[in-house]
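A.B. asks: structure of the sequence below:
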Amino acid sequence: MYAISLGDDGAELRPLEPWHAEEFLAHLDRGREFIGQYIPFGSKAIDPASARETLQRYADLRAADTASYHGIWLDGKLVGGVLTLNFDAATGNCEVGCWLEPAATGRGLITRAMRVLIDWAVEERGIHRVEWVAASGNTPSLNVARRLGMTRDGVRRQAHPYGGVRHDLEVWSILAPEWREARARAAHSDH
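C.D. replies: Residues are numbered from 1 along each chain as shown. Next up is the predicted model:
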């Protein structure tokens, strides 16, 4: 239906919808071990029906205006995505997250897609606080938060039991005025 270019390398951000179930499942199967290192993302999507259920759940959350999935396609192939969750326009708060299969790492895809998503949240939806939560050991995820200009608010110690380990969760955030200032600086340095 629509695609937003993420640069001149063929990367695009598109809605990720229930009819993408088979493509979503194939993508998860390519990256399941990598994607699932710190979070159970996509772990319930193990066949086309359950993949469709996962995507339908987020389509329903999008319709309720509380969350959304957005896929990243590289040269026409789904390789990852970004999402909103705990989206609350009334209070001006939301959380964002991401996932990526290993073959697509190191290209800045998540950072570029997240800039589009945060711009939309702040400028179109009036979100004031955008939060990023990641396991302390998930260095690539924390590096994206840094690149986006987020501030580390703190650590929720051993808050995330996963894979037989209790992981610390780092909470990062950026406020709308900080986001606009960072975007203006970036636009100025591009000229």
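
A.B. asks: list the contacts for I110?
C.D. replies: With contact set as Cβ atoms under 8 Å, 6 or more residues apart in numbering, I110 has these partners: 72, 80, 82, 98, 100, 144. Quick note: C-beta positions are derived from backbone N, CA and C, even for glycine.

A.B. asks: ok, now which ones touch the last one?
C.D. replies: The reference is to V144. Counted by Cβ under 8 Å, 6+ apart, V144 has contacts 98, 110-111, 114, 132.

A.B. asks: could you say which helix or strand holds it?
C.D. replies: helix 139-147 (DSSP states H and E).

A.B. asks: how about that helix: buried residues?
C.D. replies: 141-142, 144-145 (16 or more other Cβ atoms under 10 Å).

A.B. asks: then stretch 179-191?
C.D. replies: 179, 182-183.

A.B. asks: what's the answer for stretch 114-129, then?
C.D. replies: 114-115, 117-118, 120-122, 127, 129.

A.B. asks: tell me which of those fall in strands.
C.D. replies: Counting by DSSP state E, the buried residues of stretch 114-129 place R129 in strands.

A.B. asks: pick out the most distant pair among the buried residues of stretch 114-129.
C.D. replies: R115 and R129 (16.8 Å; Cβ to Cβ).

A.B. asks: helices or strands next to the helix or strand containing L13 in the packing?
C.D. replies: Element membership for L13 (DSSP H and E) is strand 11-15. With contacts taken as 3 or more Cβ pairs under 8 Å, 6 or more residues apart in numbering; DSSP states H and E, strand 11-15 sits against strand 4-5, strand 68-74, helix 109-119.

A.B. asks: let's have the ones you listed in TSV, adding distance to G164 and mean pLDDT.
C.D. replies: As requested, the helices and strands packed on strand 11-15 are exported to TSV (distance: least, Cβ to Cβ, whole Å; pLDDT from 0 to 100):
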stretch	distance to G164	mean pLDDT
strand 4-5	39	92
strand 68-74	28	95
helix 109-119	27	96
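
A.B. asks: so which of the ones you listed gets nearest E33?
C.D. replies: Of all the helices and strands packed on strand 11-15, helix 109-119 sits nearest to E33, with 18.1 Å by Cβ to Cβ.

A.B. asks: between the strand holding L13 and helix 109-119, how many degrees?
C.D. replies: Counting by axes from the mean of the first three to the mean of the last three Cα atoms, to 10 degrees, strand 11-15 lies at 50 degrees to helix 109-119.

A.B. asks: need the contact list for the closest residue to E12 other than its chain neighbours.
C.D. replies: Sequence neighbours aside, A3 is the residue nearest to E12 in space, at 4.1 Å (criterion: Cβ to Cβ, 6 or more residues apart in numbering). With contacts defined as Cβ under 8 Å, 6+ apart, A3 is in contact with 12-14, 73.
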